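Chemist: Quick one: sequence plus predicted model below, questions after.
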Amino acid sequence: MRENGEGHTILFVDDEENILKSLSRLFRRADDHVMTATSGKEALELFLDNDITLVVSDYRMPEMDGVEFLSKVKELSPNTVRFMLTGYADKAATIAAINSGEVARYVTKPWNDEELKAMIGEAMDHHDLRMENKRLDLLTRKQNAELTELNHGLEEKVRDKTKKIRENFFAFVRIFANMMEFYDPYKSHSKRVAVLAKEIAIKMALDESEVELIESAALLHNIGLIGIPREILDKEDSELEKYERVLVRQSPLLSQELLSSIDTLRQAGVIIRSHMERSDGSGYPDGLKGEEIPLGARIIAVADQYDTLVKRRTEPLSRKEATEWLSAKHAAGFDPDVVRCFDSFIFSWKDEQASIAVPVADIKAGVVLAKDVYTAKGRLLVPKETRLTDVMVERIRNFNTIDPVVERVQIMA
């Protein structure tokens, strides 16, 4: 059944009235709407005014046989599931029709009522799943278009006026990222992915707003993991049970749902939803392909996969091995432009940036913290990798007078 409470429409086509009556009786008590026709011509007319989910047609009918009729249905209503009723003598022709794509399944006469109901129920469930995937695809395209339009519409004046807001927003995002480390099987994975994704975005000459959006999405790309039991997260992918793998594959959807209620993170949620998609359509959750996948998601996918390969607990790869793995896979799964951009800098990349220690009195707005700032009583004032604002500097200095900062403040060199 469809979730909105509306039943499906099933059409039975046969030139024998008694067969049509039997099939109609079989589905009379279901919530689905049953229609019948005694010829292919009559049935095709019904398609003009009705949204038919599934059609079951006899093979042997005068004027137009079942294969010809279902072929026309495929052209007229490609989303309709097509079944064929056939006798034993027509089995070979029916199988040929299945192989050619005209027919989804065949049902032999006489049929078993319960088996037929089960087959049709399964087919309609599959139909609903396909239609929902198409709906999500259209929704994702719309969201991507809105995202692109918004990014292109940003002007310099707006960026200047919202600079301080963005700085505070990034501090908020990094606090989220720090919380996520409790659920991160590869400690600081999200932060490393964010640094790599940001560098890729810069190398690809994306504008400042796009770089910041991608960095935010990368920092939060695994936030959906907080809804998954810890014992599952501690397993390698190859160790997961089937139901556990299904649960993990829902995390991009959960991530987007968690962020959808926060206006400033809604765009990041769109990217996060698609970061496990692959260019060949083998990814999840929506099976997007190529440029259907937001560019930010394609960038995060490369950074995420690389960090997983080099930081995994068992048999981690070297940089060279990991980049070779990505290059071998990019033709099918990863954006080749992103992979080439990544290869252009990764071998000279420093995992840890140099830092210097400065007294609290000397810190200034604009510097980036290399370490968390704690007070003597263990209070976290500002997390590492935060770019300090005037407000943050004042807060650190004020706290330092009543609860001194433990040591000099470490900032990026």
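Modeler: Okay, I see it. Model, not experiment: these values are computed from the prediction. Numbering: from 1, shown residues only.
Chemist: so what's Gln196 up against?
Modeler: To be clear, residue 196 is Leu; Gln isn't right here. Applying C-beta atoms under 8 Å, 6 or more residues apart in numbering, we find Leu196 in contact with 218, 302-303, 306-307, 342, 346, 349. For every residue, glycine as well, the C-beta is placed using N, CA and C.
Chemist: I'd like the distance between it and His189.
Modeler: Applying C-beta to C-beta, to the nearest Å, the value for Leu196 to His189 is 11 Å.
Chemist: and for the two, which residues touch both?
Modeler: Common neighbours of Leu196 and His189 (C-beta under 8 Å, 6+ apart) are Asp307.
Chemist: which residues of the stretch 51-200 of the chain score low on pLDDT?
Modeler: Residue ranges of the stretch 51-200 of the chain with pLDDT under 70: 88-91, 94, 96, 99-101, 152-172, 174-187.
Chemist: can you map out the helices along it?
Modeler: 66-76, 91-99, 113-153, 156-161, 163-180, 189-203 (DSSP state H, counting those that start in this stretch).
Chemist: Identify whichever of those lies nearest to Arg25.
Modeler: Closest approach to Arg25 among the helices of the stretch 51-200 of the chain is made by helix 113-153 (9.5 Å; C-beta to C-beta).
Chemist: okay, now the domains of this structure?
Modeler: 9-127, 156-346, 355-412 (automatic domain parsing).
Chemist: Turn these into CSV, including distance to Lys134.
Modeler: What follows is the domains of the chain, written out as CSV (distance: least, C-beta to C-beta, whole Å):
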stretch, distance to Lys134
domain 9-127, 8
domain 156-346, 10
domain 355-412, 40
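Chemist: Between those domains, which one is closest to Asn133.
Modeler: domain 156-346 (6.4 Å).
Chemist: Measure how whichever strand or helix holds Ser209 sits relative to helix 113-153, angle-wise.
Modeler: Following DSSP states H and E, one finds Ser209 within helix 208-219. Orientation of helix 208-219 against helix 113-153 (axes from the mean of the first three to the mean of the last three C-alpha atoms, to 10 degrees) gives an angle of 140 degrees.
Chemist: List the buried residues for helix 208-219?
Modeler: Going by neighbour count (16 or more other C-beta atoms under 10 Å), the buried part of helix 208-219 is 209-219.
Chemist: Next: stretch 398-413.
Modeler: By neighbour count on 16+ other C-beta under 10 Å, the buried set for stretch 398-413 is 399-400, 405, 409-411.
Chemist: sorry, back to before: what's the following helix or strand after the helix holding Ser209?
Modeler: Sequence order places helix 230-233 as the next helix or strand after helix 208-219, per DSSP H and E.
Chemist: Can you name the residues that contact the residue lying closest to Leu116 once chain neighbours are set aside?
Modeler: Distance criterion C-beta to C-beta, 6 or more residues apart in numbering; nearest residue to Leu116, sequence neighbours excluded, is Val107 at 6.0 Å. For Val107, the contact set (C-beta under 8 Å, 6+ apart) comprises 56, 83-86, 116, 119.
Chemist: Identify all residues paired with Val107 through a beta bridge.
Modeler: In this entry, Val107 is beta-bridged to Leu85, by DSSP bridges.
Chemist: quick revisit: switch the contacts of Val107 over to a markdown table; also include neighbour count and distance to Leu326.
Modeler: Formatted as a markdown table, the contacts of Val107 follow (neighbours: other C-beta atoms under 10 Å; distance: C-beta to C-beta, whole Å):
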| residue | neighbour count | distance to Leu326 |
| --- | --- | --- |
| Val56 | 25 | 48 |
| Phe83 | 22 | 44 |
| Met84 | 28 | 46 |
| Leu85 | 25 | 51 |
| Thr86 | 23 | 50 |
| Leu116 | 17 | 49 |
| Met119 | 19 | 43 |
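Chemist: and which of these is nearest to Leu46?
Modeler: Checking the contacts of Val107 against Leu46 with C-beta to C-beta, the nearest one is Val56 at 13.2 Å.
Chemist: For that closest one, give the beta-bridge partners.
Modeler: Counting by DSSP bridges, the residues bridging with Val56 are Phe12, Phe83.
Chemist: Nice, that's everything, thank you.
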